[in-house]
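Student: Build me a model from this:
(2 chains)
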Amino acid sequence: MKKILVLFAIFTSFFFLAGTNAKACELNNSVPVTSLSAGFDAWKVVTSAMEECGNFTPTLDQEYRDKLVASLESNPSQFTMAGVSASTNVSVLDAGVTRPLDDLVAKYGDSLQDNQKIVIDGKIMAIAMMTNAQHLFYREDILSDLGIDIPTTYDELLKAAKVIKDAGVVDYPLGGTFKSGWNLGEEFVNMYLGFADSFFDGNMPAVNNNDGYETLKMMKKLTEYMDPEYLTSDSTYVQQQFQQGKIALANLWASRAGAMDNAEESTVVGLVKFASAPKAKKNGKPASTLWWDGVVIAKNVTDEEAEAAFKLAMVGLDPANLGANPEAAPWLSNAFDPAPSNIGAILTAKSGAAPYPASAKMSTLHGVLGAAIGDYLTGAATAKATLEKIEADYITAATEKGLL
Amino acid sequence: MKKSTFLVFTMPSFIMMTLFIALPLLIVLIQSFQFNQDVLETIERENCDPFGCKTETITVPVLDENGNKIKNNIWVGFQNYKNILKFEQLSSVISNDGFEWSKIRSIDFYKALRFTLTFTFITLPFVIILGLILALCVNVLINRLKGPIIFITLLPFIITPVIGALSIKWLFIGDGILTLFLENILDKDIALFSQGWTIEILMLFYRVWHTIPFAFVIFYAGLQTVDKEKIEAAFVDGANRLQRLRFIIIPHIMPLIVFVALIHLMDSYRVFDEIVGFSASGFRISLQWMTYDFLRIDDSGTRSIGRASATSVLTMIGIIIILIPVLRRTFKEQKEKRL
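Tutor: Have a look, this model is predicted:
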């Protein structure tokens, strides 16, 4: 007899940075504080500075979104604070599990800039620390050897990929975060926004059109130049492909740029450069979405715990700490100059990429996209059937949630 | 035994079974006929983030005075089942284009069912036959070797399924050691995770490798109870090794073979760990994986409990159908014995 066991989440791991670059904390924290966040470099920088203050236990988990709402919903909350992104912030906001931070910001938030405050209906609900976007990573040495200009559109990118493939200098010209599920959905979202502006027409999905068709076709063309195992390839995998010199071009997260020059892991130190995400149409906007990542504090904790958590967060987000690790992410702080590795995100934002259109509807569509597109890429379904399936699956899921 | 004594002895397990098996099953069944929704309202919300401020009209859950989402269970009859089984789409595929598998495959449920059934029935004979061969081999070893060999044979079974699947994946994915080794031998580029059938074979192989020890241990125990005199008598009568196996040993351990088959059918119909461990969901999904996927919270903080329950119920029905022949056989034997 069986009852479903939601078996596990693969914890990508608990990372602890040796505290070499974080200065010892002046704050002596006596209240136990816990946090849940994603596990990329930026979070390691922030949480390891907070750990110096004592009594702080971070959980760094790339699959954090699976347990975010459920763990904050319980009373008392399983985590005092959490790291969220533009999209997961909507889920905690909708569930009403985070608290307004206005009082705490007034008391302890002197170091914050206005653009770090996520204000919902006049109340500060989260503190953003960085922006993030998928943008072009390229091997400068390979492009200049082969006389290729930095691609600014996807058509140019495909041409460049062909030249690189013919030259045979790397295993695969392109990398891509095409792992089925959230990653693949995000790739569609990025590319689609390069062709069109909106995913919805009122409440109904509006991707079953020519733009959707073009998006799918472009994604398939890209996969022809990728490692054929692309449906299992997530951000970490693409990062490693770059570090091991196996790929020459990819549209990868800005938060991964710092790792390219990490001499302990990378064999291509100094060779990977960054540019804006390519455009899908010649005069369009970059096929990418802008994200922010930041900190929220749970509602179901005591005021004392919330205060301690906020004070700790201010230590983690202190411009001095971020400024010591400028390569880890495109930090929002203006207190120091951005690192060269942040240039891709800045250029992408400047060329007009759209913010990720986070909402309950969008999250539902995102999930449907991530599950449906794999069959098209492997050739098991046609583009037309895939777009119809996306629409039908969205309607089923949205009806079930009461969104329609 | 007196009736009251019998009741006292069985009551604890009866209560436990009601609480932990019957009740959850009932709840799943009820949920499969419901939509579990948040009560929603459409509001205008001003949202300022690092990219600027905008006022948007959005749909958000209504919160009660304690700040919790108000949940609403709506009876929807068989809607969840319809959403999964998609009979209309199925019938239109069959009537319009003749029987076209690739179109049916685009409906998740049939894709998952196809894989689940293949997985269950292909692994079954391998597990039983290889398990039996292993048991027979170990049985003729000298006593000093038996202990260590049995221990080593059991190792694959001891490994946690997900961990085992992950380690096999890492041996083969990308430029894993074994892929590199194969590429060296065959002198061509191999990508085992770039198409469905290679992952499927890896998953089948993994399940067989993982379950053989279970079959082996059961069969080995059974072999210890084979009547030695019978074997000797057959030997004297001139029966060769194969005939002894066929006419004495196999009939003797037949109940155990049925038992192993039963457990294996139930276990492998619930195939799940392999899909996750091998990151196979882009190519192959199973019924149990569908349940898990429906239960996963998406970025909007909701899950499809209704459809998850419906797939669970369908999985359960599937297991019962598969087990019917085996169970009928067992019942018949029991009856014959009593007569």
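
Student: Give me the spatial nearest neighbour of residue 115, chain neighbours excluded.
Tutor: Looking at chain A here, since you left the chain open. B:P50 (4.8 Å; C-beta to C-beta, 6 or more residues apart in numbering or on different chains). Heads up, the C-betas are built off the backbone N, CA and C, glycines and all.

Student: meant chain B, my bad for not saying
Tutor: The shortest distance from B:F115 to any non-neighbouring residue, by C-beta to C-beta, 6+ apart, is to B:R284 (4.9 Å).

Student: who are the neighbours in contact with that neighbour?
Tutor: B:K111, B:F115, B:G196, B:I199, B:E200, B:M203, B:I275 (C-beta atoms under 8 Å, 6 or more residues apart in numbering or on different chains).

Student: hang on, the residue nearest to A:N115 packs against A:W292?
Tutor: Yes. At 5.0 Å, B:P50 counts as touching A:W292 under the criterion of C-beta atoms under 8 Å.

Student: Those two: which has the busier surroundings?
Tutor: Between B:P50 and A:W292, counted using other C-beta atoms under 10 Å in any protein chain shown, the more crowded position is A:W292 (25 against 22).

Student: could you give me the average pLDDT of whichever helix or strand B:L202 is part of?
Tutor: Under the criterion of DSSP states H and E, B:L202 resides in helix B:196-223. Mean pLDDT, computed over helix B:196-223, is 94.

Student: next structured bit after that helix?
Tutor: Tracing the chain C-terminally past helix B:196-223 and defining elements by DSSP H and E, one meets helix B:228-236 next.

Student: For the stretch 51-200 of chain B, which segments count as helices?
Tutor: B:79-85, B:87-97, B:101-104, B:108-139, B:143-158, B:161-172, B:177-186, B:196-223 (DSSP state H, counting those that start in this stretch).

Student: Could you list every helix and strand that the longest one packs against?
Tutor: Spelled out, that is helix B:108-139. Secondary-structure packing of helix B:108-139 (3 or more C-beta pairs under 8 Å, 6 or more residues apart in numbering or on different chains; DSSP states H and E): helix B:79-85, helix B:143-158, helix B:196-223, helix B:250-269, helix B:287-295, helix B:305-338.

Student: how far is the last one from where the chain is centred?
Tutor: Just to be clear, that refers to helix B:305-338. Its chain's average C-alpha position is 14 Å from that of helix B:305-338, according to C-alpha atoms, centre = their mean, to the nearest Å.

Student: just the third one next, same as before
Tutor: Remark: helix B:196-223 is offset 13 Å from the chain centroid, using C-alpha atoms, centre = their mean.

Student: ok, now which ones touch B:I177?
Tutor: B:I177 neighbours (C-beta under 8 Å, 6+ apart): B:L171.

Student: just B:F272 next, same as before
Tutor: A:L7, B:S286, B:Q288, B:W289, B:Y292.

Student: Now the most centrally placed residue in chain B. Nearest residue, chain neighbours left out?
Tutor: In chain B, the residue lying closest to the centroid (C-alpha atoms, centre = their mean) is B:R270, at 1.8 Å. Once flanking residues are discounted, B:R270 sits nearest to B:Q288: 4.9 Å by C-beta to C-beta, 6+ apart.

Student: so the one you found touches B:T315, yeah?
Tutor: Yes. With contact defined as C-beta under 8 Å, B:Q288 counts as touching B:T315 (6.2 Å).

Student: shared neighbours of these two, anything?
Tutor: B:R270.

Student: picking that back up, can you convert the helices and strands packed on helix B:108-139 into JSON lines and add a column each for distance to A:T378 and mean neighbour count?
Tutor: Output for these, formatted as JSON lines (distance: least, C-beta to C-beta, whole Å; neighbours: other C-beta atoms under 10 Å in any protein chain shown):
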{"stretch": "helix B:79-85", "distance to A:T378": "22", "mean neighbour count": "20"}
{"stretch": "helix B:143-158", "distance to A:T378": "31", "mean neighbour count": "12"}
{"stretch": "helix B:196-223", "distance to A:T378": "7", "mean neighbour count": "20"}
{"stretch": "helix B:250-269", "distance to A:T378": "25", "mean neighbour count": "17"}
{"stretch": "helix B:287-295", "distance to A:T378": "17", "mean neighbour count": "23"}
{"stretch": "helix B:305-338", "distance to A:T378": "23", "mean neighbour count": "16"}
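
Student: B:L40 is nearest to which of these?
Tutor: helix B:305-338 (16.1 Å; C-beta to C-beta).

Student: so the closest one versus helix B:108-139, what angle?
Tutor: 40 degrees (axes from the mean of the first three to the mean of the last three C-alpha atoms, to 10 degrees).

Student: Which positions in the stretch 201-339 of chain B make contact with chain A?
Tutor: B:270, B:272-273, B:276, B:279, B:281-283, B:288, B:291-293, B:295-302, B:304, B:306-308, B:312, B:315-316 (C-beta under 8 Å from any C-beta of the partner chain).

Student: pLDDT below threshold where in the stretch 1-150 of chain B?
Tutor: B:96-99 (pLDDT under 70).

Student: still on that earlier bit, and the residue nearest to A:N115, what does it touch?
Tutor: A:N115, A:Q116, A:A128, A:T131, A:W292, A:L332.

Student: tally of neighbours for the residue in the stretch 101-250 of chain B that chain A sits nearest to?
Tutor: Here the stretch 101-250 of chain B gets closest to chain A at one residue, B:S194, 3.1 Å apart by C-beta to the nearest C-beta. Applying other C-beta under 10 Å, we find 18 residues neighbouring B:S194.

Student: And A:E388, by the same measure?
Tutor: 16.

Student: Kindly indicate whether the closest residue to it other than its chain neighbours is helix, strand or coil.
Tutor: Distance criterion C-beta to C-beta, 6+ apart; nearest residue to A:E388, sequence neighbours excluded, is A:N208 at 6.3 Å. Recorded secondary structure, A:N208: coil (DSSP: H, G, I helix; E, B strand; the rest coil).

Student: Could you tell me how many residues sit around A:N208?
Tutor: 18.

Student: now B:S102
Tutor: That count, for B:S102 with other C-beta under 10 Å as the rule, works out to 14.

Student: Find the nearest non-adjacent residue to it, please.
Tutor: Nearest non-adjacent residue to B:S102, counting by C-beta to C-beta, 6+ apart: A:A380, 6.5 Å away.

Student: Doesn't the one you found belong to a strand?
Tutor: No. Under three-state DSSP, A:A380 falls outside any strand and is assigned coil.

Student: Was I right to think it contacts B:K103?
Tutor: No. Using C-beta under 8 Å, A:A380 is not in contact with B:K103, being 10.1 Å away.
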